[in-house]
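Peer 1: Need coordinates for the below:
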Amino acid sequence: MPQARYPIPAARCRREIEIKRSRFIATIEAASDATTAQAFIARIKGEFSDASHNCWAYLCGPPGSSDRIGLSDDGEPHGTAGKPLLTALQHSGLGDVALVVTRYFGGTKLGKGGLVKAYTEAGQTALEQLPRGEKIAWRLLQLELPYTLLKPLELQLNNHEARVVERQFSERINLQVKLPEEQIRLLTEALNELSSGQIGVWGSHTE
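Peer 2: Numbering: from 1, shown residues only. So this is what the prediction gives:
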């Protein structure tokens with residue numbers, strides 16, 4: 001079952017390091033799919049079109065995913081840039097993330113081992129400073145209940161991170177609530193126990 005909740009970048013982050021006069025500029029941004037990641041990479045390449053290299057990697061999906069990934073050495077020796085950047089992403093605990101490390105060559109060759117170390121350090125430096133948010137798979141539920149159960153219901157909604165997005169009052173109360181996917185079963189069980197079946201629950205779907 002797909003992971004419904006995981007850390008993602010909360011905002012773009014950029015950090016720069018210098019190694020033997022070469023500048024390494026790491027830029028990170030959230031990317032939920034390959035199209036978004038490639039668009040981000042294209043923007044960075046355009047911004048740093050005069051750079052020696054714009055190496056990149058992305059990971060779409062939950063942390064550690066390997067099914068929706070991409071990487072490029074962008075002219076650096078094979079395996080010295082894209083792979084270390086992807087490895088850094090896969091060990092970052094983040095999902096839906098894209099990383100570009102731009103290099104301005106400083107005149108001193110670093111060798112393959114030196115490049116791997118430099119690109120890894122550049123990526124990790126940015127990852128360490130990156131503000132983190134959370135991706136949550138939200139679902140909508142419809143609830144129908146008697147007025148006498150409104151207050152106890154509201155307490156249960158708070159306990160399960162649910163928010164009321166629409167209310168209708170007639171003979172009974174009809175609510176549309178938004179909550180994290182993993183809370184649906186728990187909330188439904190709690191409401192059944194609370195009301196002995198007096199609260200109707202239906203309509204789970206993506207927001």
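Peer 1: In the protein, what residue spans correspond to strands?
Peer 2: 5-9, 13-19, 22-30, 53-59, 69-72, 97-104, 132-136, 138-145, 163-169, 173-180, 200-206 (DSSP state E).
Peer 1: so S22 makes contact with T108?
Peer 2: Yes - between S22 and T108 there is a contact under C-beta atoms under 8 Å: 7.0 Å. For glycine as for every other residue, the C-beta is placed from the backbone atoms N, C-alpha and C.
Peer 1: now the angle from the lengthiest helix in the chain to strand 22-30?
Peer 2: Scanning the chain for the helix with the most residues, using DSSP state H, yields helix 111-129. Orientation of helix 111-129 against strand 22-30 (axes from the mean of the first three to the mean of the last three C-alpha atoms, to 10 degrees) gives an angle of 40 degrees.
Peer 1: could you give the angle of helix 111-129 to strand 97-104?
Peer 2: 130 degrees.
Peer 1: Go ahead and produce CSV holding the CA coordinates of helix 111-129.
Peer 2: The C-alpha atoms that make up helix 111-129 are tabulated as CSV, following Å, rounded to 0.1, in the frame of the first residue of the first chain:
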residue,chain,number,x,y,z
GLY,A,111,39.6,13.0,-9.8
LYS,A,112,36.7,10.6,-9.6
GLY,A,113,36.9,10.0,-5.9
GLY,A,114,37.2,13.7,-5.3
LEU,A,115,34.2,14.4,-7.4
VAL,A,116,32.0,11.9,-5.7
LYS,A,117,33.0,13.4,-2.3
ALA,A,118,32.4,17.0,-3.5
TYR,A,119,29.0,16.3,-5.0
THR,A,120,27.9,14.3,-2.0
GLU,A,121,29.0,17.1,0.3
ALA,A,122,27.3,19.8,-1.7
GLY,A,123,24.0,17.8,-1.7
GLN,A,124,24.2,17.0,2.0
THR,A,125,25.0,20.6,2.9
ALA,A,126,21.7,21.7,1.3
LEU,A,127,19.7,18.8,2.6
GLU,A,128,20.8,19.6,6.2
GLN,A,129,19.6,23.2,5.8
